[in-house]
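S.K.: fold the stuff below for me.
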Amino acid sequence: MTSESAERGIGASIRKAHRLYQRQLQDHLAKRNLTVAQYLHLRVLREKKSLFQNEISAELGIEKASSTGIIDMLDRAKLIKRVRDDEDRRRIRVTLTEKGNALADTILPFAKQIALSATDGVSAADLDTYFEVMDRIIANLSAIPDRNGR
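M.R.: Just a heads-up that it's a prediction; the model follows:
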């Protein structure tokens, strides 16, 4: 560990990388009138095909209330379709529409390109190590109870 990286710390490094990555992504998404949060919802629906609203929130690691407004906007833009569950009317299944799938097809490759650019010059072995370390950090932080004891 260099003295600069030790002084900066893990949190600062993660924040800086996240900010730069997100700025690149947002610049591209803005051209399509999308936010990063909207993109993340489209991406998870593209990957999973069909989820209940609460499952989308869980996949993204956000509160259901944070997701509701985004889902409403995606619905108004006709990018998703919502259908009430026949067995439990409180549950709403969400899928991408044809328009939503087409949009996802245009933005996902760019997101992948940002990831490739971010890892330019990083060996496959170093990337494997990075993900192992990040998984360990995430597991360590997940094991610490929050202020509510969870």
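
S.K.: counting neighbours, what do you get for residue 41?
M.R.: Look at residue 41: counted by other Cβ atoms under 10 Å, it has 28 neighbours. (Glycine included, C-beta is placed from N, CA and C.)

S.K.: is it part of a helix or strand, or is it coil?
M.R.: For residue 41, the assignment made with DSSP: H, G, I helix; E, B strand; the rest coil gives helix.

S.K.: who touches it in this structure?
M.R.: With contacts defined as Cβ atoms under 8 Å, 6 or more residues apart in numbering, residue 41 is in contact with 56, 60, 67, 70, 71, 74, 80.

S.K.: ok, now which ones touch the third one?
M.R.: Going by Cβ under 8 Å, 6+ apart, residue 67 touches 41, 53, 56, 57, 60.

S.K.: could you work out the most separated pair of the contacts of residue 41?
M.R.: Within the contacts of residue 41, 60 and 80 form the most distant pair, 14.3 Å apart (Cβ to Cβ).

S.K.: the two: which is more packed in?
M.R.: Set residue 60 next to residue 80 and count neighbours by other Cβ under 10 Å: residue 80 wins out with 22 against 16.

S.K.: quick check: the more buried one touching residue 93?
M.R.: No: under the criterion of Cβ atoms under 8 Å, residue 80 is not in contact with residue 93, lying 10.2 Å apart.
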